[in-house]
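Novice: got a predicted model here, sequence first, then my questions.
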Amino acid sequence: MKAIWQGKVIAESDRTLEVDGYRYFPRESVRMDLLQITPKTANDLKCPHGVQFYDVAEGDRRSPRAAWSYEAPQQRMQPVDHWIGFWEDVSVAS
């Protein structure tokens with residue numbers, strides 16, 4: 001599986017997991033240099049899984065909050081503990 005942002009592969013792995021319709025990548029397979037931590041919102045703080053969102057960015061190009069990770073996942077999200085999920089401007093394909 002690959003995560004593609006603006007024509008660039010930003011994650012690639014054969015070990016992805018799908019949970020609730022989203023595909024998660026092991027952190028070591030993600031171009032973390034292209035992810036920038038975003039400040040947590042009030043809604044983020046309510047998440048029982050300790051969500052952390054990231055902007056996907058390079059140079060002057062940016063996709064706000066297009067990636068996330070669960071830093072303190074509860075039961076069903078534990079398999080993707082600290083893995084990275086993508087949405088909106090990032091497409092995921094095999």
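Specialist: Cool, got the structure.
Novice: can you give me phi and psi for Leu45?
Specialist: phi -70, psi -20 (degrees, to the nearest 10).
Novice: distance check, the residue of the chain lying at maximal distance from its centre against Gln6.
Specialist: Most distant from the centre of the chain: Asp60, at 20.1 Å, with distances by Cα atoms, centre = their mean. Per Cβ to Cβ, to the nearest Å, Asp60 is found 12 Å from Gln6. Glycine gets a C-beta too; all of them are placed from N, C-alpha and C.
Novice: again with Met32
Specialist: 17 Å.
Novice: helix, strand, or coil at Gln78?
Specialist: helix (DSSP: H, G, I helix; E, B strand; the rest coil).
Novice: ok, it - how many residues close by?
Specialist: Per other Cβ atoms under 10 Å, the neighbour tally for Gln78 reads 12.
Novice: contact partners for it?
Specialist: Shown in contact with Gln78 (Cβ atoms under 8 Å, 6 or more residues apart in numbering): no residues.
Novice: the one 3 residues further on now?
Specialist: Contact analysis of Asp81 by Cβ under 8 Å, 6+ apart lists Tyr70, Pro73.
Novice: show me what it bridges to in the sheet.
Specialist: For Asp81, the beta-bridge partners are Tyr70 (DSSP bridges).
Novice: from Arg27, how far out is it?
Specialist: Distance from Asp81 to Arg27, by Cβ to Cβ: 10 Å.
Novice: again, but for Tyr70
Specialist: 11 Å.
Novice: what's the closest non-adjacent residue to Glu18?
Specialist: Tyr24 (7.5 Å; Cβ to Cβ, 6 or more residues apart in numbering).
Novice: element containing Asp44?
Specialist: Using DSSP states H and E, Asp44 sits in helix 42-46.
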